[in-house]
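Visitor: can you look at this prediction? I've put the sequence above it.
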Number of protein chains: 4
Amino acid sequence: MSEVAASADDACGTGAGSHDSHGYIEHKDDLLKRLRRAEGQVRGLHRMVENDEYCIDILTQVSAATKALERVALALLDDHLRHCVASAAADGGVEAAAKLHEASQAIARLVR
Amino acid sequence: MSEVAASADDACGTGAGSHDSHGYIEHKDDLLKRLRRAEGQVRGLHRMVENDEYCIDILTQVSAATKALERVALALLDDHLRHCVASAAADGGVEAAAKLHEASQAIARLVR
Amino acid sequence: MSEVAASADDACGTGAGSHDSHGYIEHKDDLLKRLRRAEGQVRGLHRMVENDEYCIDILTQVSAATKALERVALALLDDHLRHCVASAAADGGVEAAAKLHEASQAIARLVR
Amino acid sequence: MSEVAASADDACGTGAGSHDSHGYIEHKDDLLKRLRRAEGQVRGLHRMVENDEYCIDILTQVSAATKALERVALALLDDHLRHCVASAAADGGVEAAAKLHEASQAIARLVR
């Protein structure tokens, strides 16, 4: 568990100049690898249906793909809290409240 | 809501000769279309991360892809209950118990 | 795993005379015990908030209570499939289709 | 959406002297009311099973109780992020990292 550096560089803008400043930037390669794998899992599902494989076996694979995407979401959210939200919170004010509100809504979408 | 025809043709074997007898067979095109779309959604996620898009926007898309896969799973399960499980239940005995046990376990994997 | 007896006694009516014929009847004591425990968990949550306990500790208990209710739901559903749905499927026809449709909708409510 | 006041008073200790300083303190009455209602829902489930009510009706109520607890969890988490986590993030350092790690783990427990 590393320290949280609430520096200006961590600010997570959504504008054009905000590249390279997102929370997940240091785990980008890992995220891309996971998403490539999840894409392969969904393609595998397509193949299973095409080959008339057994419903329950397909369902098992759907659950695996869903869980993989959920792990991606939790990793993204962790990075987002650690960087974008932490940095906004350090600055305080309306911007912090907005970032926290936005994070809560994203969490609610994941839970439901 | 159509009637349930518990005929032998609905029996859902897992062996080689069991092609064209799975529950989802009549919705196969629809399932394939949905899975193609889900694959596109996951590929879109990869592109979003590559382009350093905003974490929360990516999270929104992950939730959408997860929900799409969940709907595929529920459709598959509905077909499976309607055909494979209903047919086995009509025959009764150990085979029916096995199919019902298997379906319950698949449901549990979806819920958790 | 016991055999599935698709006898008329398993028919799961919703009318007044349908008592003692529901799928969960043989696990009724177990279900009542689990629900009593879940009720105690929720009462415990109330006490934790009243005593100003730490948010994260309360959240851990909420997750435990939710999981306990989910297990109750999966047990109920398993009994329902094994008895009410299996029995209706054995009879076939419109009634079977209705029971299967109803079960699928209950599963969808659990998953979402 | 109110501003985030990252003052020392918001610090969410877990020790004896930390009473009245938790994130949910300003929504405490609302939380207690919701939990009382959830407890009533679970007691209602017990009564439904005792009265041999129809499986699917009980399942519908289990889903309602689970959703109610999920909403409690999301409200608690929102307050926790807004106060305990935001305040720790403003202070920075190891404590901030620990709070963020703890919050991410609580979110993961809710999602799974």
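Guide: Yep, it's here.

Visitor: for the lowest-mean-pLDDT helix or strand in chain A, packing partners?
Guide: Within chain A, no helix or strand scores below helix A:86-91, which has a mean of 91 by mean pLDDT, DSSP states H and E. If you count contacts as 3 or more C-beta pairs under 8 Å, 6 or more residues apart in numbering or on different chains; DSSP states H and E, helix A:86-91 packs onto helix A:93-111, helix D:86-91. Every residue, glycine included, has its C-beta placed from N, CA and C.

Visitor: most tightly surrounded among the ones you listed?
Guide: Stretch with highest mean neighbour count among the helices and strands packed on helix A:86-91: helix D:86-91 (a mean of 25; mean count of other C-beta atoms under 10 Å in any protein chain shown).

Visitor: if you count neighbours, what's buried in the lengthiest helix in chain A?
Guide: Counting residues, the longest helix in chain A under DSSP state H turns out to be helix A:55-80. Neighbour counts over helix A:55-80 (16 or more other C-beta atoms under 10 Å in any protein chain shown) mark A:55-56, A:58-59, A:61-63, A:65-70, A:72-80 as buried.

Visitor: stretch A:44-58 now?
Guide: Those would be A:Gly44, A:Leu45, A:His46, A:Met48, A:Val49, A:Asp52, A:Glu53, A:Tyr54, A:Cys55, A:Ile56, A:Ile58, for stretch A:44-58 by 16+ other C-beta under 10 Å.

Visitor: which stretches of chain A have low pLDDT?
Guide: For chain A, the stretches flagged by pLDDT under 70 are A:1-21.

Visitor: wait, what's in contact with whatever residue of it ends up closest to chain C?
Guide: Closest to chain C within chain A is A:Arg112: 7.0 Å, counting by C-beta to the nearest C-beta. Applying C-beta atoms under 8 Å, 6 or more residues apart in numbering or on different chains, we find A:Arg112 in contact with C:Arg112, D:Glu70.

Visitor: repeat that with 7 Å
Guide: By C-beta atoms under 7 Å, 6 or more residues apart in numbering or on different chains, A:Arg112 lies in contact with C:Arg112.

Visitor: with A:Ala64 instead?
Guide: A:Gln41.

Visitor: run the last query once more with 10 Å
Guide: A:Ala38, A:Gln41, A:Gly44, A:Leu45, B:Arg109 (C-beta atoms under 10 Å, 6 or more residues apart in numbering or on different chains).

Visitor: assign the residue lying farthest from the centre of chain A to helix, strand or coil.
Guide: Going by C-alpha atoms, centre = their mean, the residue of chain A most distant from its centre is A:Asp52, 32.7 Å out. Under DSSP: H, G, I helix; E, B strand; the rest coil, A:Asp52 falls in the coil class.

Visitor: tally of neighbours for the closest residue to A:Arg43 other than its chain neighbours?
Guide: Computed as C-beta to C-beta, 6 or more residues apart in numbering or on different chains, the closest residue to A:Arg43 that is not its neighbour in sequence is B:Glu39, at 5.5 Å. By the criterion of other C-beta atoms under 10 Å in any protein chain shown, B:Glu39 has 20 neighbours.

Visitor: B:Glu39 against A:Arg36, yeah?
Guide: No. At 11.7 Å, B:Glu39 does not count as touching A:Arg36 under the criterion of C-beta atoms under 10 Å.

Visitor: quickly list what's touching both of those two.
Guide: Common contacts of B:Glu39 and A:Arg36, defined by C-beta under 10 Å, 6+ apart, are absent altogether.

Visitor: thinking again about what came up before, now render the contacts of A:Ala64 as JSON lines, adding distance to C:Val85.
Guide: Below are the contacts of A:Ala64 laid out as JSON lines (distance: C-beta to C-beta, whole Å):
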{"residue": "A:Ala38", "distance to C:Val85": "33"}
{"residue": "A:Gln41", "distance to C:Val85": "30"}
{"residue": "A:Gly44", "distance to C:Val85": "30"}
{"residue": "A:Leu45", "distance to C:Val85": "26"}
{"residue": "B:Arg109", "distance to C:Val85": "19"}
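
Visitor: tell me the one of these nearest chain D?
Guide: The closest of the contacts of A:Ala64 to chain D turns out to be B:Arg109 (C-beta to the nearest C-beta; 12.0 Å).

Visitor: residues contacting the closest one?
Guide: A:Ile56, A:Leu59, A:Thr60, A:Val62, A:Ser63, A:Ala64, A:Thr66, A:Lys67, B:Ala73.

Visitor: kindly report the same for A:Val72.
Guide: A:Val72 makes contacts with A:24, A:30-31, A:34-35, A:37-38, B:42, B:45, B:49, B:58-59, B:62, B:65-66, as judged by C-beta under 10 Å, 6+ apart.

Visitor: with A:Lys33 instead?
Guide: A:His27, B:His46 are the contacts of A:Lys33 under C-beta under 10 Å, 6+ apart.

Visitor: any idea which helix or strand carries it?
Guide: Taking DSSP states H and E as the criterion, A:Lys33 maps to helix A:28-50.

Visitor: go back to the contacts of A:Val72 and keep what's next to chain D.
Guide: Among the contacts of A:Val72, proximity to chain D is found for B:Thr66 (C-beta under 10 Å from any C-beta of the partner chain).

Visitor: so the residue farthest from the centre of chain A touches B:Tyr24, yeah?
Guide: Yes. Counting by C-beta under 10 Å, A:Asp52 sits close enough to B:Tyr24 to count as a contact (8.7 Å).

Visitor: need the overlap of contacts for those two.
Guide: Common neighbours of A:Asp52 and B:Tyr24, counting by C-beta under 10 Å, 6+ apart, are A:Ile58.

Visitor: figure out how far the longest helix of chain A is from the centre of its chain.
Guide: With C-alpha atoms, centre = their mean, to the nearest Å as the basis, helix A:55-80 stands 11 Å off its chain's centre.

Visitor: likewise for stretch A:35-46?
Guide: Relative to the centre of its chain, stretch A:35-46 is centred 17 Å away, using C-alpha atoms, centre = their mean.

Visitor: good, wrapping up.
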